[in-house]
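Colleague: I would like to see how this sequence folds:
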Amino acid sequence: MTGAQHICNKPSLTSLFFSFLKLGATAFGGPAMIPYIGRMAVEKRMWLDEQTFRDGVALCQTIPGATAMQVSAYVGFRARGVIGAAVSFIGFGLPAFLLMVGLSNFYIRSQTLPPIVSVFAGLQTIVVAIVANAAVSFGKTSLKALRDVMITVIAAAMFALRVSPILVIVLAAASGVVLYNRESVPSVGSSATQQPSSTRSLLVIATVTGFVLVVLFIAERKLFDLATVMLRIDLFAFGGGFASVPLMFHEIVEVRSWIDSQTFINGIALGQVTPGPIVITATFVGYMLYGLLGAVVATLSVFLPSFLVVIGVTPYFDRLRKSIYFTATIRAVLCSFVGLLVTVAFRFASDIPWNIPRVALAMAAFLALLLKVEIIWIVLVGTGVSILFL
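Modeller: From the prediction side, this is the model:
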């Protein structure tokens, strides 16, 4: 992107929706879409200046939730307030939701067919490689000192002992305050534009959400349980969409046994052939449990907390970044997620009946990911290999 723009255009809500719908339809690779969002919002449309967009990326990398989804909400919020954030957020995520619903329906109808069995046998090994690569990527950016490694190892050990990941995250945050409170805080720029507080909008959305949850609790307790689990997963998914994987696996498979491990891994695999974040696996889980209504409830619930955090924190983010305790907490939480991802990679691997073709496919996928090959191509090639050799 070029230098900062000082004159920003005010887009219509229709323009916001269709611009992000188009991006969302090609949003393979999750966070890899962020530069494309910036190119559209800063250079092409001039909705934001460059510094404002960069500040938004920093915010979305810090708070819980899928980063690319949050950046879309941030752009909409800066451009047209809370309604703009909602329009952009929905537009960006809608293609992934619709495609995942279609794939989930196809999975239910065809999962026992021999070619489909072969495809998922291969895709499961690729999922192991994807999660392992996520752990490596997190480790490169998060582990910079011995204290970071210590938090990671302890978190991995606790997760291996089946301690609740949410408890692990809370303990890591507390340890970060103790271990990093003497670290210096890097200087930060300020956004070129400021958005007034959206407290009233937040209260309205929170009230409506609370009302819907009460209705679900009374009318359909199973959907209420699904909604609260997904809300909690998103609220603690610091570090982007991949951070939701260990949390979702723990809550859905290990604690509640709503679906088995193999089916969950297949859901992640389907998520990799859809545009959008890996957390779209929530749509698959909801559809497998309660059909289309379950998919809608799970999807809304797994994205709502991070959306609210974006519009609630944006006006105050500069102040938060200057807080030693805030930066210390986030640093420790991200370290803990490295441990959680490592453990989940081993857990997924232990559920696969390994043979030479599967090992070769997993190693090839992992190498391709290290070489920055786009996930969609790895999945497509892996599908072909699985049909031929597995």
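Colleague: shaky segments in the stretch 151-300 of the chain?
Modeller: Counting by pLDDT under 70, the ranges of the stretch 151-300 of the chain that qualify are 182-198.
Colleague: for the helix or strand where residue 386 lies, what is the distance to the chain centroid?
Modeller: Using DSSP states H and E, residue 386 sits in helix 375-389. The chain centre lies 23 Å from the centre of helix 375-389; the measure is CA atoms, centre = their mean, to the nearest Å.
Colleague: who are the packing partners of the strand or helix carrying residue 95?
Modeller: Assessed by DSSP H and E, residue 95 sits inside helix 67-110. Packing partners of helix 67-110 (3 or more CB pairs under 8 Å, 6 or more residues apart in numbering; DSSP states H and E): helix 13-24, helix 34-38, helix 50-62, helix 261-272, helix 281-313. Using the backbone N, CA and C atoms, a C-beta is placed for each residue, glycine as well.
Colleague: export those as TSV, with columns for mean neighbour count and distance to residue 337.
Modeller: Formatted as TSV, the helices and strands packed on helix 67-110 follow (neighbours: other CB atoms under 10 Å; distance: least, CB to CB, whole Å):
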stretch	mean neighbour count	distance to residue 337
helix 13-24	20	25
helix 34-38	18	19
helix 50-62	21	13
helix 261-272	23	16
helix 281-313	23	15
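Colleague: export those helices to TSV and tack on distance to residue 233?
Modeller: Formatted as TSV, the helices and strands packed on helix 67-110 follow (distance: least, CB to CB, whole Å):
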stretch	distance to residue 233
helix 13-24	21
helix 34-38	22
helix 50-62	17
helix 261-272	13
helix 281-313	6
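Colleague: what helices or strands is the helix holding residue 386 leaning on?
Modeller: Short answer (3+ CB pairs under 8 Å, 6+ apart): helix 375-389 packs on helix 114-142, helix 261-272, helix 356-370.
Colleague: give me the neighbour count for residue 41.
Modeller: By other CB atoms under 10 Å, 32 other residues sit near residue 41.
Colleague: so which strand or helix has residue 275?
Modeller: Going by DSSP H and E, residue 275 is not in any helix or strand.
Colleague: need the three-state assignment for the spatially closest residue to it that is not a sequence neighbour.
Modeller: In this structure, residue 275 finds its nearest non-sequential neighbour in residue 27, 4.1 Å apart by CB to CB, 6 or more residues apart in numbering. What DSSP: H, G, I helix; E, B strand; the rest coil gives for residue 27 is coil.
Colleague: so what's residue 27 up against?
Modeller: By CB atoms under 8 Å, 6 or more residues apart in numbering, the residues touching residue 27 are 33, 68, 92, 95, 96, 275, 276.
Colleague: quick one: the first one from residue 267, how far?
Modeller: Just to be clear, that refers to residue 33. Residue 33 sits at a distance of 21 Å from residue 267 (criterion: CB to CB, to the nearest Å).
Colleague: about what we covered before: out of the helices and strands packed on helix 375-389, which is closest to residue 285?
Modeller: helix 261-272 (6.2 Å; CB to CB).
Colleague: now for the closest one, which elements pack on it?
Modeller: So helix 261-272, by 3+ CB pairs under 8 Å, 6+ apart, packs with helix 67-110, helix 114-142, helix 281-313, helix 324-350, helix 375-389.
Colleague: what about 7 Å?
Modeller: helix 67-110, helix 114-142, helix 281-313 (3 or more CB pairs under 7 Å, 6 or more residues apart in numbering; DSSP states H and E).
Colleague: need the residues that contact it.
Modeller: Helix 261-272 is contacted from outside by 100, 103, 107, 120, 123-124, 126-127, 130, 249, 252-253, 278, 280-281, 284-285, 288, 348, 351, 375, 379, using CB atoms under 7 Å, 6 or more residues apart in numbering.
Colleague: one more: stretch 100-119?
Modeller: 266, 270-271, 274, 280, 283-284, 287-288, 292, 295, 383, 386-387, 390.
Colleague: which two in the residues you listed are spaced the farthest apart?
Modeller: Across the contacts of stretch 100-119 (CB to CB), the longest gap, 31.3 Å, separates 292 and 390.
Colleague: and residue 373, backbone torsions?
Modeller: Here is the backbone geometry of residue 373 (degrees, to the nearest 10): phi -70, psi 140.
Colleague: list the contacts for it?
Modeller: Residues counted as contacts of residue 373 (CB under 7 Å, 6+ apart): none.
Colleague: residue boundaries of the helices in the stretch 151-300 of the chain?
Modeller: Assigned by DSSP state H, counting those that start in this stretch, the helices in the stretch 151-300 of the chain fall at 165-180, 199-219, 221-235, 244-248, 261-272, 281-313.
Colleague: and these as JSON lines, adding distance to residue 358?
Modeller: Shown next, in JSON lines, are the helices of the stretch 151-300 of the chain (distance: least, CB to CB, whole Å):
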{"stretch": "helix 165-180", "distance to residue 358": "27"}
{"stretch": "helix 199-219", "distance to residue 358": "41"}
{"stretch": "helix 221-235", "distance to residue 358": "29"}
{"stretch": "helix 244-248", "distance to residue 358": "20"}
{"stretch": "helix 261-272", "distance to residue 358": "13"}
{"stretch": "helix 281-313", "distance to residue 358": "21"}
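Colleague: and the contacts of residue 27, which is closest to residue 370?
Modeller: Comparing the contacts of residue 27 against residue 370 with CB to CB places residue 33 closest, at 20.3 Å.
Colleague: about what we covered before: tell me which of the helices of the stretch 151-300 of the chain lies nearest to residue 329.
Modeller: helix 165-180 (4.5 Å).
Colleague: what angle sits between that closest one and helix 324-350?
Modeller: 140 degrees (axes from the mean of the first three to the mean of the last three CA atoms, to 10 degrees).
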